[in-house]
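**Q** Make a model of this:
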Amino acid sequence: MVDSRSVVEAIDYEKARSVIVSFIRDYVASAGVRGVVVGLSGGVDSTVAAALAVEALGSGGVLALFMPSVHTTPEDERDAYEVARRLGVELLRIDVTPIFEAFVKALPGYSPEDKLAAGNILPRIRMTILYYYANRRNLLVLGTGDRSELLLGYFTKYGDGAVDILPIGGLYKTQVREMARRLGFGWIAEKPSSPRLWHGHTAEGELGASYDVIDPILYAVFDKKMPVEEVKTKFGDVVDLVLRRVRANLHKLKPPPIPDLSAARRDV
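**A** Down below sits the predicted model:
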């Protein structure tokens with residue numbers, strides 16, 4: 001039966017690394033841009049995405065932005081700077097707090113009590129900043145979403161989901177952690193995942209389960225094509241919790257729908 005270790009061992013990391021590096025290099029070349037800009041948070045996904053981008057493009061081809069808010073921890077800031085130092089990339093620090101405060105001040109009826117609506121403003125502000133520098137310097141925005149987050153829809157639509165390229169989108173979270181260890185960022189691989197959209201925010205707390213449980217469920221259903229009832233014999237009701245989130249957020253992976261007006265067209 002699938003467990004977290006079997007998910008981690010399901011890929012050849014050196015081959016995956018080579019494929020991703022070539023993918024980044026080829027896509028950037030075909031787009032005719034100078035490189036990529038990435039939001040470096042101090043977390044595992046952005047660290048791995050940035051490291052592989054540097055391997056593909058060189059440190060001069062990667063611009064990193066650290067965009068803290070009032071919810072950012074000192075540990076994340078230290079880690080972001082240490083990752084940038086090790087990769088040799090330019091790092092710009094842009095505090096999004098005053099932008100957020102000005103934004104919500106202009107919103108009639110704004111309430112911080114609605115954590116999700118308020119919290120999602122932050123990644124959308126960061127997206128705007130990333131695209132400003134992408135336009136300014138002729139870069140692509142490097143996404144940091146992994147396969148677990150994409151399947152779950154665990155990202156902000158038109159926030160951290162608004163990117164030009166998703167180099168680690170084929171790796172489950174537990175695989176990203178293993179890749180981080182192999183790239184020399186073991187201490188970051190051990191950090192708990194957190195979007196930090198509000199005080200005390202953690203991925204596990206919001207999702208209702210850890211990635212050590214979620215990843216084997218997703219892998220069993222979507223990669224191994226195992227019957228859901230069989231997966232539930234191993235993991236129980238948490239399977240329903242995970243798959244409900246997948247179904248509810250499927251729209252995030254699709255372009256906006258357009259009505260078919262072919263029946264309304266006239267021959268002229």
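
**Q** For the stretch 151-268 of the chain, which segments count as helices?
**A** For the stretch 151-268 of the chain, applying DSSP state H, counting those that start in this stretch gives helices covering 173-182, 186-189, 203-207, 211-218, 228-235, 238-248.

**Q** hey, which of those helices is tucked in deepest?
**A** For the helices of the stretch 151-268 of the chain, the largest average neighbour count (mean count of other CB atoms under 10 Å) is found in helix 211-218, namely a mean of 24. All C-beta atoms are positioned from the backbone trio N, CA, C, and that covers glycine.

**Q** between it and helix 228-235, how big is the angle?
**A** 160 degrees (axes from the mean of the first three to the mean of the last three CA atoms, to 10 degrees).

**Q** CA-only coordinates of helix 211-218 in PDB, if you can.
**A** Output in PDB follows, covering the C-alpha atoms of helix 211-218 (Å, rounded to 0.1, in the frame of the first residue of the first chain):
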ATOM      1  CA  TYR A 211       1.600  16.100   3.600                       C
ATOM      2  CA  ASP A 212       2.900  12.800   4.900                       C
ATOM      3  CA  VAL A 213      -0.800  11.700   4.800                       C
ATOM      4  CA  ILE A 214      -2.000  13.900   1.900                       C
ATOM      5  CA  ASP A 215       0.700  12.900  -0.600                       C
ATOM      6  CA  PRO A 216       0.100   9.200  -0.400                       C
ATOM      7  CA  ILE A 217      -3.600   9.700  -1.000                       C
ATOM      8  CA  LEU A 218      -3.100  12.000  -4.000                       C
END
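
**Q** Okay, strands next: where are they in this protein?
**A** For the chain, the strands defined by DSSP state E cover 35-39, 62-66, 90-93, 139-141.

**Q** Let me have those in JSON lines, adding mean pLDDT as columns.
**A** Below are the strands of the chain laid out as JSON lines (pLDDT from 0 to 100):
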{"stretch": "strand 35-39", "mean pLDDT": "98"}
{"stretch": "strand 62-66", "mean pLDDT": "98"}
{"stretch": "strand 90-93", "mean pLDDT": "98"}
{"stretch": "strand 139-141", "mean pLDDT": "98"}
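
**Q** closest one to residue 109 among the ones you listed?
**A** Judged by CB to CB, the one of the strands of the chain that comes nearest to residue 109 is strand 35-39, at 29.0 Å.

**Q** so that closest one versus strand 62-66, what angle?
**A** Relative orientation of strand 35-39 versus strand 62-66 (the same axes, to 10 degrees): 20 degrees.

**Q** Which other helices and strands does strand 35-39 contact?
**A** Where contact means 3 or more CB pairs under 8 Å, 6 or more residues apart in numbering; DSSP states H and E, strand 35-39 is packed against helix 13-31, helix 44-57, strand 62-66, helix 121-137, strand 139-141.

**Q** ok so, going back, buried deepest among the strands of the chain, which one?
**A** Mean neighbours per residue, mean count of other CB under 10 Å, is largest over those for strand 35-39, with a mean of 27.

**Q** In its sheet, which strands sit next to that strand, and in what direction?
**A** Using DSSP bridges, the strands paired with strand 35-39 are strand 62-66 (parallel), strand 139-141 (parallel).
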